[in-house]
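[1] Build the 3D model from these lines:
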Amino acid sequence: MTTRIDGTRIARRIRSQVAEEVTAARVTGSGRIPGLATVLVGDDPASAVYVAAKRRAIKEAGMRDFHRHLPQHATPDDVAAVIDELAADPEVSGILLQLPLPRQLDAAMLIERIPVTKDVDGLTTASAGLLARGERGLRPCTPSGVIELLDAEGIPLQGARVAVVGWGQLVGKPLTQLLLRRGATVSVAHEFTTDLAAVTRPAGIVVVATGVRGLIGPEHVGPGAVVIDVGIHRTPSGLTGDVRSDELDGIAERITPVPGGVGPMTIAMLMVNTLRAARWSAECEAVAA
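    Numbers count the residues shown, from 1 in each chain. Okay, here's the model as predicted:
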């Protein structure tokens, strides 16, 4: 039987550790209490749900919640002004601009206004450069969550053969770099890959982040592989992922379910990043003083 990896349990442990560190800081008075600013533009139902979950997690961890909700018709200048205000506020440790944005807004331009020390989503050009160079920085939450998930399961990465399916800015590209830094041998498949199975079947670990529901099945996975499904899709029968997980039962050794796999890890790593951002900003302030 294939084992389902319990991302909810692993994420709960990480969030508990973050909360303990925040509580210790409150008790000892050492350092500023971390605070996360979430910026939501418009009334997209899915975005509202995601932001609400992040805000709950922040509050449960004992961090400060700085939320900004702008109307659907907000102009680029409106959003930029809010980001600049939060960037200048020393009480705000991290800034998260919820995507997608309304059509009139340039997400890339607005993300670039977030200081690298407050970029808890790890999406700015500066953060991507720090990751590429292997220097200190805030890493994107979902790829970091995948690494933490594999570590928690005791799955060795050094020397492992990993197939990453998907070459997006949010998951595929940063995850590939994180895996390479850990000593894995990584093959990448994308929309122009002509023989997907030839890339994925030899791999001991297959990570799928394409946004294509049910793309990966038994024809793509070798016996005993570990399969990490980053995709999430809403269907009339519930949530499902990029992997036809039921068809992999008895083939894959371990697999992440949807929901309850990578999703909870993303929010857990947002908590970790907010705590790291608070410490990084405090160090920068100390150096400047």
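
[2] Point out where the stretch 51-200 of the chain drops to low pLDDT.
    Across the stretch 51-200 of the chain, nothing is flagged by pLDDT under 70.

[3] which other helices and strands contact the longest helix seen in the chain?
    In the chain, taking DSSP state H as the definition, the longest helix is helix 262-288. Under the contact criterion of 3 or more C-beta pairs under 8 Å, 6 or more residues apart in numbering; DSSP states H and E, helix 262-288 touches helix 7-28, strand 35-41, helix 45-60, strand 94-97, helix 141-152. (Glycine included, C-beta is placed from N, CA and C.)

[4] Need those in JSON lines (columns: mean neighbour count and distance to P259).
    Below are the helices and strands packed on helix 262-288 laid out as JSON lines (neighbours: other C-beta atoms under 10 Å; distance: least, C-beta to C-beta, whole Å):
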{"stretch": "helix 7-28", "mean neighbour count": "16", "distance to P259": "8"}
{"stretch": "strand 35-41", "mean neighbour count": "24", "distance to P259": "21"}
{"stretch": "helix 45-60", "mean neighbour count": "16", "distance to P259": "12"}
{"stretch": "strand 94-97", "mean neighbour count": "27", "distance to P259": "21"}
{"stretch": "helix 141-152", "mean neighbour count": "23", "distance to P259": "14"}
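
[5] For D106, which non-adjacent residue is closest in space?
    P76 (6.6 Å; C-beta to C-beta, 6 or more residues apart in numbering).

[6] ok, and the closest non-adjacent residue to A53?
    I267 (6.2 Å).

[7] Kindly tell me how buried that neighbour is, as a neighbour count.
    20 (other C-beta atoms under 10 Å).

[8] Need the pLDDT of it.
    Turning to I267, the model gives it a pLDDT of 96.

[9] Might one say that V227 is in contact with I216?
    Yes: in this structure V227 lies within contact range of I216 using C-beta atoms under 8 Å: 7.4 Å.

[10] So which bits of the longest helix of the chain are buried?
    262-282 (16 or more other C-beta atoms under 10 Å).

[11] what's in contact with stretch 174-187?
    122, 128, 131-132, 134, 139-140, 142-144, 146-147, 157-164, 167, 188, 199, 203, 205, 207, 209 (C-beta atoms under 8 Å, 6 or more residues apart in numbering).

[12] Alpha carbons only: can I get that stretch in PDB?
    Provided in PDB are the C-alpha atoms of stretch 174-187 (Å, rounded to 0.1, in the frame of the first residue of the first chain):
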ATOM      1  CA  PRO A 174      12.900  28.000  -7.000                       C
ATOM      2  CA  LEU A 175      12.300  24.400  -5.900                       C
ATOM      3  CA  THR A 176      14.800  23.200  -8.500                       C
ATOM      4  CA  GLN A 177      17.400  25.500  -7.100                       C
ATOM      5  CA  LEU A 178      16.700  24.400  -3.500                       C
ATOM      6  CA  LEU A 179      17.000  20.800  -4.500                       C
ATOM      7  CA  LEU A 180      20.300  21.400  -6.300                       C
ATOM      8  CA  ARG A 181      21.600  23.100  -3.200                       C
ATOM      9  CA  ARG A 182      20.800  20.000  -1.200                       C
ATOM     10  CA  GLY A 183      22.800  17.800  -3.600                       C
ATOM     11  CA  ALA A 184      19.900  16.300  -5.600                       C
ATOM     12  CA  THR A 185      20.200  15.500  -9.300                       C
ATOM     13  CA  VAL A 186      17.300  17.300 -10.800                       C
ATOM     14  CA  SER A 187      15.500  16.900 -14.100                       C
END
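
[13] buried sites along that stretch?
    For stretch 174-187, by 16+ other C-beta under 10 Å, it's 174-179, 182, 184, 186-187.

[14] if we can go back for a sec, quick one: the residue nearest to D106 and M109 touch, right?
    Yes: using C-beta under 8 Å, P76 is in contact with M109, at 7.2 Å.

[15] Now do the contacts for the nearest residue to V199 once chain neighbours are set aside.
    Of all residues not flanking V199 in the chain, A189 sits nearest, at 4.4 Å (C-beta to C-beta, 6+ apart). Taking C-beta under 8 Å, 6+ apart, we find A189 in contact with 163-166, 196, 199-200.

[16] redo that, cut-off 6 Å
    Listed by C-beta atoms under 6 Å, 6 or more residues apart in numbering, the contact set of A189 reads 165, 196, 199.
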